[in-house]
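> Sequence and predicted structure, then a few things I'm wondering about:
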Amino acid sequence: MDTVLIVDDEKNYPPILAAVLQEEGYETLTANSGQEALEILKHSDVDLILTDYKMPTMNGIELLERVKDEDPDLPVIMMTAHGTVEKAVEAMQKGAYSYILKPFDNDRLVLWVSKANAVYRLIKENRRLRTAVESQYQFGNIIGKSKPMRDVFDKISKVAPATATVLIQGESGTGKELAAKSIHFNSPRRNKPFVAVNCAALVENLLESELFGHDKGAFTGAISMKKGRFELADGGTLFLDEIGELPQSLQVKLLRVLQEKIFERVGGIKPIAVDIRLIAATNKDLKEEVKQGRFREDLYFRLDVVNIVLPPLRERPEDIRLLINHFMKKYADQRTSEIPVTGIDSEAERLFHEYGWPGNVRELENIIERTMIFCPDAIIKPSDLPKDFKETMNDKIPLEDIPATAKLYDTLVMVEKRMIERALQRADYVQSHAAEILGIGKSGLNQKIKKYKLDAGLKQ
């Protein structure tokens, strides 16, 4: 739904124009001065400005200049009386989309607004295409030749042209958002928005407003209307990362949107229809979350239409060398030395293959990025690798020290506890830092600390 901001110092005029445009399906905002219009633009998403030329304090051209400084592409239509046509032409020379002479009939107004909005939609699509180059997310740029990754590529290629909801599962750092973007940019929606939301990054009340938007006055601080991610993704793809962290109150609302394709903004009563493709991702076992009563079963089945599981890096070691080469090329321009890095020696590569990669591909990328900055020679050697990585390798549990009668589960528990204790110590017991070291979410780390009754210190 396109939003038009109407600016005119005659107090009765904006509501009249607003009623006309609302009849045609537009959302409208009104202001009685240029200053008021600029305040609205700071906090609201606007697709077109319809402004009078002659206003006290700040006239239409001055408002136009201020708008164009912020967004050169936002269309502005100037309303002017016959005696100020020359000024209207001046406005067009300064970037106005067009001008319309007062008095005008409603049909002419609607026609110009419709044309301007169509042009702006095209401009916004071109912006998105420039900033999210399709080739960056083609299957060939998700690195992997292993059987698990070939299976992932096959699923992506089959599901991308469809409209089905997709649930991507995998540990932190396995590339879930990259897989979601690959689906989007290889789908018929590729020219429409790809909008991502991390459900774990926002508190519940902010997350609801972020997803569904809010109307002016919906809560303290809601000084103007704001479109949510669902509206911004209309026609395209909405990616909900860490869906397992979604509060149950919002799980109900999300289920309704998936079923009915409509929602209301926070504080609003008007139903808003959207056409989106939903892709969700999680590092949790949602079936277990359903059993524990933390995730709605009906929403789980709505999300799990097509399931793609991204394998952890330790389960596809044949991809490690490919990833090393890829990231060396990616970060080659960060070199301060004139000597280009051309490879990695066999001992350093052996360490990479022996490591367990709890942070998966993201952790490997971080290590290569740091190494590319400080490596003094053309070949990466063990001495060039980050200190914390080498300390981790030296802290390995030798296989011969594990009793031959040990059960796999008990051994894995021992290793996990030891890794968590070590990460907490390295992070000075700041749990958010420890979670980053381990490549897991903070809430996941907190659950494991409670499970194993570990000393977590006092810092969060």
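Perfect, I can see it now.
> C-alpha from now on. contacts and neighbour counts both.
Noted.
> going on from the least confident helix or strand in the chain by mean pLDDT, what's the next piece of helix or strand?
Every helix and strand of the chain was ranked by mean pLDDT, DSSP states H and E. The lowest is helix 387-394, at a mean of 75. Sequence-wise, the next helix or strand downstream of helix 387-394 (DSSP states H and E) is helix 408-426.
> Who are the packing partners of that next one?
Contacts defined by 3 or more C-alpha pairs under 8 Å, 6 or more residues apart in numbering; DSSP states H and E place helix 408-426 against helix 431-438.
> elements contacting whichever helix or strand comes after the helix it packs on?
The helix or strand immediately downstream of helix 431-438 is helix 442-452, counting by DSSP H and E. Where contact means 3+ C-alpha pairs under 8 Å, 6+ apart, helix 442-452 is packed against helix 431-438.
> Name the surrounding residues that touch the helix it packs on.
Contact with helix 431-438 is made by 358-359, 419-420, 423-424, 426-427, 441-442, 445-446, 456, 459-460, as judged by C-alpha atoms under 8 Å, 6 or more residues apart in numbering.
> who are the neighbours in contact with residue 124?
Per C-alpha under 8 Å, 6+ apart, neighbours of residue 124: none.
> Surely it is within a helix?
Yes. Membership of residue 124 in a helix is supported by DSSP: H, G, I helix; E, B strand; the rest coil.
> Name the residues of the helix or strand in which residue 210 is found that come out as buried.
For residue 210, the host element (DSSP H and E) is helix 204-212. By 16 or more other C-alpha atoms under 10 Å, the buried positions in helix 204-212 come out as 204, 207-212.
> Sort those by pLDDT and name the bottom one.
Taken together, the buried residues of helix 204-212 show their lowest pLDDT at residue 204, with 78.
> Next, work out how far apart the closest residue to it other than its chain neighbours and residue 302 are.
Distances taken as C-alpha to C-alpha, 6 or more residues apart in numbering put residue 247 closest to residue 204, at 6.7 Å, once the chain neighbours are dropped. For residue 247, the distance to residue 302 (C-alpha to C-alpha, to the nearest Å) stands at 16 Å.
> Adding distance to residue 94, write the buried residues of helix 204-212 out as CSV.
Listed next are those as CSV, based on distance: C-alpha to C-alpha, whole Å:
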residue, distance to residue 94
204, 44
207, 39
208, 40
209, 36
210, 35
211, 36
212, 36
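> quick one, domains of this protein?
Domain ranges of the chain: 3-131, 138-309, 313-394, 399-452, per automatic domain parsing.
> which stretch in those has the least confidence?
Ranked by mean pLDDT, those bottom out at domain 399-452, with a mean of 80.
> Which stretches in the stretch 151-300 of the chain count as strands?
With DSSP state E, counting those that start in this stretch applied, the stretch 151-300 of the chain shows strands at 166-169, 194-198, 237-241, 262-263, 272-273, 277-282, listed in chain order.
> would JSON lines of these with distance to residue 312 and mean neighbour count be doable?
Conversion of these to JSON lines gives the following (distance: least, C-alpha to C-alpha, whole Å; neighbours: other C-alpha atoms under 10 Å):
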{"stretch": "strand 166-169", "distance to residue 312": "11", "mean neighbour count": "24"}
{"stretch": "strand 194-198", "distance to residue 312": "20", "mean neighbour count": "19"}
{"stretch": "strand 237-241", "distance to residue 312": "17", "mean neighbour count": "26"}
{"stretch": "strand 262-263", "distance to residue 312": "36", "mean neighbour count": "20"}
{"stretch": "strand 272-273", "distance to residue 312": "38", "mean neighbour count": "16"}
{"stretch": "strand 277-282", "distance to residue 312": "13", "mean neighbour count": "24"}
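> would you turn the ones you listed into JSON lines with distance to residue 15?
Shown next, in JSON lines, are these (distance: least, C-alpha to C-alpha, whole Å):
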{"stretch": "strand 166-169", "distance to residue 15": "43"}
{"stretch": "strand 194-198", "distance to residue 15": "33"}
{"stretch": "strand 237-241", "distance to residue 15": "34"}
{"stretch": "strand 262-263", "distance to residue 15": "26"}
{"stretch": "strand 272-273", "distance to residue 15": "22"}
{"stretch": "strand 277-282", "distance to residue 15": "36"}
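> Need the residues that contact stretch 227-247.
If you take C-alpha under 8 Å, 6+ apart as the criterion, stretch 227-247 is touched by 1, 44-45, 177, 180, 184, 189-200, 204, 209-214, 265, 274-284, 286, 289, 295.
> coming back round to it: quick one, which of the strands of the stretch 151-300 of the chain is nearest to residue 16?
Among those, the nearest to residue 16 by C-alpha to C-alpha is strand 272-273 (23.0 Å).
> ok, the residue nearest the centre of the chain - contacts?
Among the residues of the chain, the one closest to the centroid is residue 196, at 2.5 Å (C-alpha atoms, centre = their mean). By C-alpha under 8 Å, 6+ apart, the contact set of residue 196 is 238-241.
> at 10 Å instead, please
With contact taken as C-alpha atoms under 10 Å, 6 or more residues apart in numbering, residue 196 is in contact with 177, 180-181, 229, 233, 237-241, 279-280.
> And what about residue 307, helix, strand or coil?
What three-state DSSP gives for residue 307 is strand.
> Please look at it and residue 179 and confirm they touch.
No. Applying C-alpha atoms under 10 Å, one finds residue 307 not in contact with residue 179, separated by 12.0 Å.
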